Structure formats: structure tokens, C-alpha cells
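Participant: following is a predicted model, sequence given first.
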Amino acid sequence: MLTSALLGVLTSGVVLVVTAPAPRGRVNRDADTRRSLLERDIQDKMLEGDWQGVAALAESAVEEFPDDPEAWLRLAQAQDKLGVSTDARRSWEHLDELTAYVDEKGHPHYRELLRRGWVVKSLGDPERARFLWEAAAYQIDDNPAWHPGGMTRARYYALAGWNDKSLEVLDYALSTEPYLYPQAMNDPDFDTLRDDPRFVALMQRVQEDRERRRREREAREAEQAAPRPPTPGSPAPDGP
């Protein structure tokens with residue numbers, strides 16, 4: 001039997017619309033998509049060298065996903081780059097809490113080792129950081145089926161202090177994919193190479209090659225856009 005309240009609603013011509021909550025799986029997928037988009041935008045700003053933009057996006061990310069270690073890593077790095085030492089210290093300490101489990105896991109993944117290495121280095125233990133980064137680099141070398149790209153391998157080799165190996169892989173990666181140049185120039189993972197003359201020479205060579213390619217492309221585009229003279233025997237174009 002209908003209740004009097006429901007009967008009154010139905011007879012008055014009002015339609016009740018009951019919205020079911022979104023399934024948990026969909027909510028999780030939406031959150032994962034949002035997180036991935038933020039990480040991509042943060043990465044883009046980092047590769048542009050826009051550390052103000054990185055900090056702003058990372059702040060939004062940690063507000064929305066307070067347990068996301070990747071967002072905290074980028075926020076702390078951006079604050080370091082911007083010279084906001086007090087805020088950076090707080091961010092590193094929070095990331096320390098989020099990544100402490102790495103020291104207790106039997107086989108942490110190389111990405112977890114990378115983040116943990118940055119934490120302990122920034123909190124004053126560079127030797128421990130080098131140990132963690134070397135463990136990550138060995139993981140990559142011992143698991144070729146993972147197929148990490150050349151830039152990824154070069155980053156981990158650089159962090160591990162394997163400069164010769166990092167520069168060799170980086171040279172090949174940039175020769176085949178020169179559009180990755182901004183990553184090599186701005187990613188903090190390559191900071192250990194900045195003062196190496198071989199890195200400086202490599203970056204200069206890649207930049208000069210990019211400039212040459214740009215000039216050649218602009219010349220081709222200008223040639224294609226230029227009006228072509230009429231071929232002999234063809235009617236002259238109509239005047240105004």
C-alpha cells in the first residue's frame with residue numbers, strides 16, 4: 001500500500017528522481033584518471049623548467065590526493081628549486097613518512113627506490129640515497145623484460161653515479177628522439193651530470209641540431225607557401 005506522503009507526491013504530478021551513488025569502481029577510475037592528468041601536467045611544467053607552475057599544480061595534487069608520494073616529490077623538488085627552504089623541508093618530511101615503508105619492504109620497485117632516495121638525500125643522507133638509487137639501477141639492468149626507455153635508464157644511471165653509462169645511453173636516446181631534450185635539461189634526476197663537460201657538450205650538440213632542423217622546416221614551409229610562377233603557355237591569372 002502506498003503511504004499517504006508518497007500518494008500525495010504522485011497525485012500532485014511531482015516526479016521523484018532517486019539518484020543511486022556511483023559504483024565504487026567508477027569512483028576509483030575517475031580518481032585515477034584525475035591523478036594521471038595532474039601528473040602529466042606537472043611533468044609538462046617540469047620539462048618546460050616552469051617550477052612555479054610545478055609547485056602550483058603539485059599543491060593542487062597533494063590537496064586532492066594527500067597520500068600520493070609522486071605529487072609530494074614534485075612539490076618538494078619545486079620548492080627546493082624556488083628556494084622556499086622551510087616549505088621544502090616540511091614537504092620532504094611528509095614524504096619521508098609516506099615512503100618509510102620502502103626501507104622495510106623486501107623488494108621495493110625501482111620507482112619507489114627513486115622517491116625514497118630523493119627523500120633521504122634531501123634530509124641529509126646522500127650515501128644512503130646512492131645505495132637506493134644503485135639498487136634501482138641494478139633492478140632495471142636485471143629485468144630487461146620491463147623495457148624501460150633509454151631516458152628512464154639514463155636517469156637511474158645518473159642518480160646511481162654511473163655517469164659513463166648514463167651519458168652513453170642518454171646520447172643514443174637523444175640522437176633517436178631529440179624531442180626529449182627538455183627532459184634532459186630540466187629533470188632533477190640529471191642534476192648529477194650538470195657539471196660534467198661531456199653532458200654540456202652533448203646538450204649543446206643536441207640543441208644545435210634542433211635549431212638546424214627548425215630552420216630547415218621553416219624554409220620548406222616558406223617555399224611551399226610562396227606563389228609559383230606560371231608555367232609557359234598557361235593563361236595568366238586574372239587581374240583584380
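Facilitator: Received the coordinates, thanks. Numbering: from 1, shown residues only.
Participant: C-alpha only now, for contacts and for neighbours.
Facilitator: Will do.
Participant: just the C-alpha atoms of stretch 164-183, please, in CSV.
Facilitator: Output of stretch 164-183 as CSV, limited to C-alpha atoms (Å, rounded to 0.1, in the frame of the first residue of the first chain):
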residue,chain,number,x,y,z
ASP,A,164,79.7,7.0,-18.1
LYS,A,165,76.8,4.6,-18.6
SER,A,166,74.2,7.3,-18.2
LEU,A,167,75.9,9.6,-20.8
GLU,A,168,76.2,6.7,-23.3
VAL,A,169,72.5,5.8,-23.0
LEU,A,170,71.5,9.5,-23.0
ASP,A,171,73.5,10.2,-26.1
TYR,A,172,71.7,7.4,-28.0
ALA,A,173,68.3,8.3,-26.7
LEU,A,174,68.6,12.0,-27.8
SER,A,175,70.1,11.0,-31.2
THR,A,176,66.9,8.9,-31.9
GLU,A,177,64.4,11.1,-30.0
PRO,A,178,65.7,14.7,-29.9
TYR,A,179,62.3,15.9,-28.7
LEU,A,180,63.4,14.5,-25.3
TYR,A,181,66.0,17.3,-24.9
PRO,A,182,63.8,19.3,-22.4
GLN,A,183,63.7,16.3,-20.1
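Participant: give me the number of residues near Ala173?
Facilitator: Neighbours of Ala173 under the rule other Cα atoms under 10 Å: 20.
Participant: contacting residues around it?
Facilitator: If a contact means Cα atoms under 8 Å, 6 or more residues apart in numbering, then Ala173 has 150-151 as its contacts.
Participant: kindly recompute the last result at 10 Å.
Facilitator: Applying Cα atoms under 10 Å, 6 or more residues apart in numbering to Ala173 gives the contacts 149-154, 167, 179-181.
Participant: name only those of those residues that count as buried.
Facilitator: 150-154, 167, 180-181 (16 or more other Cα atoms under 10 Å).
Participant: just the residues you listed now: which is nearest Gln139?
Facilitator: Closest approach between these and Gln139, by Cα to Cα: Arg153, at 10.5 Å.
Participant: quick one: name whatever helix or strand follows the helix or strand harbouring that closest one.
Facilitator: Take DSSP states H and E as the rule and Arg153 turns out to sit in helix 150-160. For helix 150-160, the following helix or strand on the C-terminal side (DSSP H and E) is helix 163-176.
Participant: give me the contacts around whichever helix or strand comes after that next one.
Facilitator: Downstream of helix 163-176, the first helix or strand assigned by DSSP H and E is helix 181-186. With contacts defined as Cα under 10 Å, 6+ apart, helix 181-186 is touched by 43-51, 151, 154-155, 170, 173-175, 189-191, 193-194, 199-200, 203, 206-207, 210.
Participant: can you tell me which of those residues are in helices?
Facilitator: 43-47, 51, 151, 154-155, 170, 173-175, 199-200, 203, 206-207, 210 (DSSP state H).
Participant: can I get the buried part of those residues as one PyMOL selection?
Facilitator: To isolate the buried members of those in PyMOL, using 16+ other Cα under 10 Å:
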select buried, resi 43+44+45+46+47+51+151+154+155+170+173+174+175+199+203+206
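Participant: circling back to that earlier point, the helix holding Arg153 vs helix 163-176, what angle?
Facilitator: Helix 150-160 and helix 163-176 meet at an angle of 160 degrees, taking axes from the mean of the first three to the mean of the last three Cα atoms, to 10 degrees as the criterion.
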